[in-house]
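Asks: what shape does this take:
(8 chains, ligands or ions: 6)
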Amino acid sequence: MRYDVFFAGYGGQGVLLAGNLLSYAAIHEGKNVSFFPAYGVEKRGGAAMCTIVFADGDTGSPVVGNPSVSVLLNQLSFDKYAAKVKQGGICIVNSSLVDTSAVALPGVEIIMVPMNQIALDMGDVRMVNMVACGAYIEKSGALLKESLEAALKKALPERNHKLIPANVQAMEAGALAARG
Amino acid sequence: MRYDVFFAGYGGQGVLLAGNLLSYAAIHEGKNVSFFPAYGVEKRGGAAMCTIVFADGDTGSPVVGNPSVSVLLNQLSFDKYAAKVKQGGICIVNSSLVDTSAVALPGVEIIMVPMNQIALDMGDVRMVNMVACGAYIEKSGALLKESLEAALKKALPERNHKLIPANVQAMEAGALAARG
Amino acid sequence: MKQIFTRPESLKDVATHFCPGCHHGSVHRLVAEILDDLGIRSQTIGVASVGCSVFLYGYFDVDVIEAPHGRAPAVATGAKRARPDRIIFTYQGDGDLAAIGMSEIIHAANRGEDITVIFVNNTTYGMTGGQMAPTTLPGQKTSTSPYGRDTAKDGSPFKMAELLATLDGVAFSARVALNNPKNVLNARKQIKTAFRYQVEKKGFSFVEALASCPTNWGMSALDANQRVTDEMIPCFPLAVYKNSANL
Amino acid sequence: MKQIFTRPESLKDVATHFCPGCHHGSVHRLVAEILDDLGIRSQTIGVASVGCSVFLYGYFDVDVIEAPHGRAPAVATGAKRARPDRIIFTYQGDGDLAAIGMSEIIHAANRGEDITVIFVNNTTYGMTGGQMAPTTLPGQKTSTSPYGRDTAKDGSPFKMAELLATLDGVAFSARVALNNPKNVLNARKQIKTAFRYQVEKKGFSFVEALASCPTNWGMSALDANQRVTDEMIPCFPLAVYKNSANL
Amino acid sequence: MPYIVIDETRCKGCGLCTTGCPKKLVALSDSPNSLGYAMAVFSDPEKCTGCTLCAQMCPDVAITVFKE
Amino acid sequence: MPYIVIDETRCKGCGLCTTGCPKKLVALSDSPNSLGYAMAVFSDPEKCTGCTLCAQMCPDVAITVFKE
Amino acid sequence: MQAAALEKIFVKGNEAVAMAALEAGCRCYFGYPITPQSDIPEYLSRELPRRGGEFIQAESEIGAINMLLGASATGVRAMTSSSGPGISLKQEGISYMAGSELPGVIVDIMRAGPGLGGIDASQADYWQATRGGGHGGYRIIVLAPASVQEMYDLTMMAFDLSDIYRIPAMVLADSVIGQMKESVIPNPRPVTVLPPKEWVVRGREAGEAQNVVKSLYLGDGEMEKFHWKMAARYEELAEKECRWEEVQTADAELIVTAFGSVARIAKTAIAMAREAGMKVGLMRPITLFPFPKKAYAALSERCKLFLDIELSTGQMIDDVRLAIARDAEVAFYGRPPGAGSLPTPEELFEQIRKNYPTHA
Amino acid sequence: MQAAALEKIFVKGNEAVAMAALEAGCRCYFGYPITPQSDIPEYLSRELPRRGGEFIQAESEIGAINMLLGASATGVRAMTSSSGPGISLKQEGISYMAGSELPGVIVDIMRAGPGLGGIDASQADYWQATRGGGHGGYRIIVLAPASVQEMYDLTMMAFDLSDIYRIPAMVLADSVIGQMKESVIPNPRPVTVLPPKEWVVRGREAGEAQNVVKSLYLGDGEMEKFHWKMAARYEELAEKECRWEEVQTADAELIVTAFGSVARIAKTAIAMAREAGMKVGLMRPITLFPFPKKAYAALSERCKLFLDIELSTGQMIDDVRLAIARDAEVAFYGRPPGAGSLPTPEELFEQIRKNYPTHA
Ligand SMILES: Cc1ncc(C[n+]2csc(CCOP(=O)(O)OP(=O)(O)O)c2C)c(N)n1
Ligand SMILES: Cc1ncc(C[n+]2csc(CCOP(=O)(O)OP(=O)(O)O)c2C)c(N)n1
Ligand code: SF4
Ligand code: SF4
Ligand code: SF4
Ligand code: SF4
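Replies: Ligands and ions are numbered 1, 2, ... in the order given. Just a heads-up that it's a prediction; the model follows:
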């Protein structure tokens, strides 16, 4: 199998860390991974995006035109990228910040997860990205929760390992919310 | 007709001025001219060469492999370039400085002109190039003496025009010597 | 009620891309005010450099040439010689002016080109992500001096205002800072003097502005501002190093 | 009978291509003598520049790298960092060092690279036929300053020995001349000190030698030599500008 | 009475103005503006002298000062 | 007695040596050497002190100085 | 293979370059910051000093390339890296290195140009890299990685090839390959028989021959001899060192050809085409110089239609045209990207569909 | 023609360039000394100040090209000149000028390289000139004079073409053409309709639009649009501005192709061949970019054998191959010269003889 997922948000939302995390999880599962980050024109405070492709074999293109799953963390990202989700794909939306009402996405499953809200409830809004990761693995079934836990150890610097349990909890909350 | 002549000597012998002079003379006669100078590796004190081609029509190549006439002012030039003179061509040699005995040039007319001697006799060794020009027009018949006189006015800076009569005399002496 | 402080006309009414607390904004405003003060906006051509100030044309309401990295003084020279009736200023960062552009600034200064150079010294390469600059302080950690600038291998910070003041061609050279209102007001004064040199065709004028880069210093804007006071000014003394015509 | 003055071993026994009376030959000889004196020939790598001294490898009996025009200090930096146990010197003309190579010399000096720079200032571009150099004297006519160097447009001559002495990284900087025996002997002394700095790993050392270029000055060798006395030395004072370790 | 107006859409919450005001009339608010920055707010307007020092400090020209 | 030897094949006739000798023992000759240069010549050898100043001035290292 | 035992690491393309340089024994790095390659100097500024190497942030790209020249002349392995404008500034130095037969590795993480351009992916430096942006007529070795693993492996190879042939070697990648992360096997330095560097400047004892590193050829016929010698060396390179990747070319009726990141994108497009029943293959040159002419020629004997795709308005296409059989055709799809815009597999699939031969 | 009335002057190729620049209205010159082109700055240092123009001997070639950029941005006609190493150093600036759509004239009097090389004639900068030695993918106009008259005429044309197309223009000659003297008709500046320079920076009154000269393209799709716009402009150039010279091609069984000085030498060789009864012609491209592809294509419909001769190991040959009909062949004679060695007409005649088709 070849999986691809596209994450987008603004600068401070931890989009790249989320992408790294999924990448480490996929590696943990023995997959080949390509993680391709991109920034808007302005690096600071601007848009942040990344595409992760993982597969047993060749990952092929690191760029994906129509992602099978997109995780969109703010309005701008939603407006710009929601329509690109592949037919039959999934669009996971941070409903705390995104109003989807203006857009119809026929053939795409939209999953609304109030990520900011959940993260805030867990005690730290910066865990938005963990919530998003949880939602992603829940809906895609592409990776195991255990792999993400293992990945956290790799992706986070040693000094932040104490935060891992909280992060795992945030993921679980994200997964739960996505399950609907 | 297309004429070509190759001049070579060392730095101080006025080779380039001679070439310029012939060029102006040819222009005076309404010809197209190409004058191509070249230096040895060391500009100062090293070898100096030039090729002049003039014709009623197109001058064609500014570079000539086997000149119809070569005027060689020192031993080094003779050793290096005498053999290049075209079959049926003329090699005018400054016999004051060049020993031709070691070389045979079948099919080439060698004209020995003691240029330094003549120039010294005329009062200034720096007129070697004028002697050489005189010898050239005499042997080649390519240009009129009058044209060279006119050329002197063009090629020499105003302040040196007083030297023109002496230069013309040197040319005549060169021509006379070449006539043999 | 009168507006006694408002945006200068020479500065477009748009938000900048500068990070919060970045002194580039302050320098932009001051230069724009001087163009207004001296009534020279319509004569002025700006020469932008490569660095965080690359979008000069987006902020200044003047014609702008964008120079290659470090080459603004040469570009300005070409423009000034072609249009001696215009006011030409360059706006350059420390990487731009003191690293890659060292030759161009020294030679333009030495020729005494009638241009004004605004030099923003923030001890780092802002735009490219905080690498060591020629003005990085001894011991300062940056992304390419991870163990701190080692003067034994990397050399000491360049004092451009002093260095240029030694050249005959330089008419005016000063260093200013933007870290408190007094310094801001002084900076305004020196920048004005610098442009007056050009207006009066009195030769090359240079203002070095000590500036913060909170982002690449990894500091809050306030801490960064404080660092200008605590660390930069002691190393780079504020002064007028040359004022040959006493303008 | 003993030979009390003869060709140094580090100088090959060949004729040079220098014009009669050109001081390049004198500087070559002095540097070679110092290599002999200090017994460092076998450790030494020369870095040649582009100019009349481009044939350095033909005259010095040491390994040589030929640097692009102006870049000798950067080439020397690379070589020295790769082989810190070697003695590396550059030999550069004024066009090379003070025009196109301004950035490289200033930065190598500022970094305090452990190299020795021999700078031959003859106020012109010798090799290319006598164009204006950064050190051309005010009013001096050259093939590209046909009306004389105009300081208003062309700037004033650079005083490299003074300028570099202002940089922290520079350990030793001196200006010498070759126009009379006393100055030659002093030049020898300063060049020796410069190399001793490197031998003792004490930092960047620089010697500027005022030199004649009879050919491009359009003068006899003797007149050119006299011009050094009459015109150059007054403009470029002979002195040791920095000797940080008092060697 | 002099007063200042802080442009919400321009304030990046750097806080430099707060160091400029001799009367400490400018402070950073707790809640972010539309750009996500904790914006500067003006308080105690009656004490403002219209000295413009806050505005002098603002790198984003977000402060306009009014005075008779 | 000290003396100097001028290498014919190296002398370019620049004359700098003539300015170096305190005793004026070196002068330029009238006739050119093989390179075409009017070469330096050494005269009055008995006055030579072996001070090497002529040699110091020679850019072409054409002078060798001998002394006891 | 012992490589299999190595733990995979997950790193950026640029970091892989830096790691490979260390593994290859690179002792000195000289560079100047420029996006999107600054990870390379940043990594090496941390690691080189720890290993007794030298890292210099040069005053400029010109400083950097000339430091490389100086270091390389002493025989150490050394490298520089940059992007667009910086690579342009290095052209004189590269020409000198080529003229002096000096090895040395230059990494170009391309950005979009000309001029200041932008930091987006681009392949517009193809000509500059393969034809010599510098003066005087020379070639350098150009390797074009298409994955982070290749960033690693080809950087090591660049050091070896450069040392063996005494020709500067360039690793030419775009910002996709430079910025993306993939898992990489950090292969150990390959065992390569390198010629002794007898030409280095080193200081020397009496009696040892003088070594001179120079590009000045003034002897009679010396310059011409140099050029023909190098031409022969380029021939040897072409003979021995061409590398390329072919994917499903055996039965292909259309062969996509592309290098670097585009080839990656094309692979997925080709998979889509295969699924749609089209016989499409890929020819990816890995060495851009030497260009694998013979491989193209051989392919073009079987398949008569190529589709060249580049992140530019077309540069490699000339090399493809010059390489293939005279009766083969090359279609072109050029995509000079800008801010945030890259071709997608879907887009390339569309191009394949459009160009796929319909047999009447 | 009024030209006929003008007195011929006898000048060096380099001087003709300088004179033509003045006649073309060049107001500013920025340069740095380098052999074999220093006659150009030397001439202009005398003449420009007299005419109210500006001459600067820049601190370096980088200084010079950027001064050109600045002057050109204000709308004046301006120029720089250099050779080999200096042209390499200008590559970044040329790329910026191309990216900023700035006109400007750059003269390259080629010397032999790579590196320091030598000052002898060479044509090894062909690739650098025609492919863009700088980064980012752009082309500049390249004119290759073969006589002193053409040095004069093509320099003037360079100013016009550059202004019309807003593309930097290069006059590419070798030291033979630069150093030789011929008689020249100092033609007056041609009457050309030039587009108004509405884009210049000039300082401006309130209400006038801001002009910005820049090469930064960050808008969505802006960079791609720029590239395709330029590609279209290059097409237009190719359509309208190709220039070449054909000599006796009508009945030719072998067409020699060469540019610059070699073409001159070849002319005499061809005359020798004709005398020897061989039907040989000459195709000399005058614009190297745009390359006169259609003219080559047309010739190759009639004549199937070309002999490309270059003062290098072969660069233009690729353009010739890409231009001619598929069934035409190109033989090659490369002659990278060195100290004092140039191919002679006799030598080229020998090559013609060797390659002349023998019909069985
Ligand atoms: C020739 C070249 N080299 C490198 C770069 C990359 N670059 C862009 S901005 C910059 C430095 C910016 O630092 P500085 O001049 O200090 O300005 P700041 O951003 O700090 O204001 C560099 C190195 C470039 N654009 N061109
Ligand atoms: C990049 C580059 N620009 C220009 C030149 C041409 N050039 C050769 S030597 C030289 C100047 C020599 O003058 P200087 O450095 O003063 O040394 P001198 O010959 O006077 O000893 C120049 C400009 C070059 N070789 N390379
Ligand atoms: S990176 Fe630094 S210099 Fe650049 S805008 Fe941000 S704070 Fe200012
Ligand atoms: S040209 Fe000048 S510097 Fe060069 S060798 Fe002659 S005198 Fe010396
Ligand atoms: S050694 Fe002294 S005294 Fe003797 S010739 Fe030389 S300078 Fe004169
Ligand atoms: S100084 Fe040397 S070269 Fe000059 S004249 Fe005297 S001996 Fe000859």
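Asks: kindly export the worst-scoring helix or strand of chain E on mean pLDDT (C-alpha atoms) in PDB.
Replies: Using mean pLDDT, DSSP states H and E, the weakest-scoring helix or strand in chain E turns out to be strand E:26-32, at a mean of 88. Only the C-alpha atoms of strand E:26-32 are listed here, as PDB (Å, rounded to 0.1, in the frame of the first residue of the first chain):
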ATOM      1  CA  VAL E  26       0.600  51.600  27.200                       C
ATOM      2  CA  ALA E  27       0.500  47.900  28.100                       C
ATOM      3  CA  LEU E  28       0.000  44.600  26.300                       C
ATOM      4  CA  SER E  29      -3.400  43.100  26.500                       C
ATOM      5  CA  ASP E  30      -4.000  39.500  27.300                       C
ATOM      6  CA  SER E  31      -6.200  38.600  24.300                       C
ATOM      7  CA  PRO E  32      -4.900  38.300  20.800                       C
END
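Asks: let me see the mean pLDDT of the next helix or strand after it.
Replies: Once strand E:26-32 ends, the next helix or strand along the chain (criterion: DSSP states H and E) is strand E:38-42. For strand E:38-42, mean pLDDT is 93.
Asks: for strand E:38-42, packing partners?
Replies: The helices and strands touching strand E:38-42, judged by 3 or more C-beta pairs under 8 Å, 6 or more residues apart in numbering or on different chains; DSSP states H and E, are strand E:3-6, strand E:26-32. The way it works is simple: take the backbone N, C-alpha and C, and place the C-beta from them, glycine included.
Asks: contacts only, for the residue in chain C positioned nearest to ligand 5.
Replies: Residue of chain C nearest ligand 5, by C-beta to the nearest ligand atom: C:Asp168 (40.3 Å). Applying C-beta atoms under 8 Å, 6 or more residues apart in numbering or on different chains, we find C:Asp168 in contact with C:110, C:112, D:151, D:155-156.
Asks: possible to save the helices and strands packed on strand E:38-42 as JSON lines with mean neighbour count?
Replies: Shown next, in JSON lines, are the helices and strands packed on strand E:38-42 (neighbours: other C-beta atoms under 10 Å in any protein chain shown):
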{"stretch": "strand E:3-6", "mean neighbour count": "18"}
{"stretch": "strand E:26-32", "mean neighbour count": "14"}
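Asks: could you dump these into TSV with distance to chain D added?
Replies: Below are the helices and strands packed on strand E:38-42 laid out as TSV (distance: least, C-beta to the nearest C-beta, whole Å):
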stretch	distance to chain D
strand E:3-6	44
strand E:26-32	41
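Asks: what about the ones you listed, which gets the closest to chain G?
Replies: In terms of C-beta to the nearest C-beta, the element of the helices and strands packed on strand E:38-42 nearest to chain G is strand E:26-32, at 26.1 Å.
Asks: so which of the helices and strands packed on strand E:38-42 gets nearest G:Pro196?
Replies: Comparing these against G:Pro196 with C-beta to C-beta, the closest turns out to be strand E:26-32 (65.7 Å).
Asks: helices or strands next to that closest one in the packing?
Replies: Secondary-structure packing of strand E:26-32 (3+ C-beta pairs under 8 Å, 6+ apart): helix E:16-20, strand E:38-42.
Asks: just the closest residue of chain E to chain F, please.
Replies: Closest residue of chain E to chain F, C-beta to the nearest C-beta: E:Pro59 (60.8 Å).
Asks: just confirm that residue contacts C:Gly25, I think it does.
Replies: Yes. Using C-beta atoms under 8 Å, E:Pro59 is in contact with C:Gly25, at 3.0 Å.
Asks: overlap in contacts, those two.
Replies: With contacts taken as C-beta under 8 Å, 6+ apart, E:Pro59 and C:Gly25 have C:Phe18 as neighbours in common.
Asks: how many neighbours does the residue in chain E positioned nearest to chain A have?
Replies: Residue nearest to chain A within chain E: E:Gly36 (7.6 Å; C-beta to the nearest C-beta). Neighbour count for E:Gly36, taken as other C-beta atoms under 10 Å in any protein chain shown: 12.
Asks: gap between it and chain C?
Replies: Distance of E:Gly36 to chain C, computed by C-beta to the nearest C-beta, to the nearest Å: 10 Å.
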